[in-house]
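Participant: Turn this into a structure:
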Amino acid sequence: QVQLVESGGGLVQAGGSLRLSCAASGGTFSTYAMGWFRQAPGKEREFVAAIDWSGGSTTVAGSVKGRFTISRDNAKSTVYLQMNSLNPEDTAVYYCAASSTFYSGSSYLYSYWGQGTQVTVSS
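Facilitator: Residues are numbered from 1 along each chain as shown. Just a heads-up that it's a prediction; the model follows:
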């Protein structure tokens, strides 16, 4: 059983940056692909970024491409989401998730989820 705890959210002005972290425990972190998803009020959860077990391959959603970067440190059992050039449309609860199969934008492939961290971008 994998436990995931996100941190790093907060309030930031448009154009600013935040780095989210997700610390994993209870499993062999380096065997899991990891993903970030977000859910804004009144909207469905959407894919943000994913990374394979080694960190060698990543994919990001078109809406954040060029602004957000996903990375991981297997020695620290942590995955990161660097978010730059934030805008109010990025306001959401951000969740990290772990998949034992494949790094993907499909949420159904992820078995473990964190509790989420709030990101609010003011205009």
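
Participant: and the gap between the closest residue to Ser122 other than its chain neighbours and Leu20?
Facilitator: In this structure, Ser122 finds its nearest non-sequential neighbour in Gln13, 5.5 Å apart by Cβ to Cβ, 6 or more residues apart in numbering. Heads up, the C-betas are built off the backbone N, CA and C, glycines and all. Distance, Gln13 to Leu20, using Cβ to Cβ, to the nearest Å: 17 Å.

Participant: more crowded one of the two?
Facilitator: Leu20 (24 against 10; other Cβ atoms under 10 Å).

Participant: pLDDT score assigned to the most centrally placed residue in the chain?
Facilitator: Among the residues of the chain, Trp36 comes closest to the average C-alpha position under Cα atoms, centre = their mean, at 2.4 Å. Listed pLDDT for Trp36 reads 98.

Participant: Spatially nearest residue to it, not counting backbone neighbours?
Facilitator: Using Cβ to Cβ, 6+ apart, the closest residue to Trp36 is Val48 (4.2 Å).

Participant: circling back: where's the residue nearest to Ser122 relative to Gln118, distance?
Facilitator: 16 Å.
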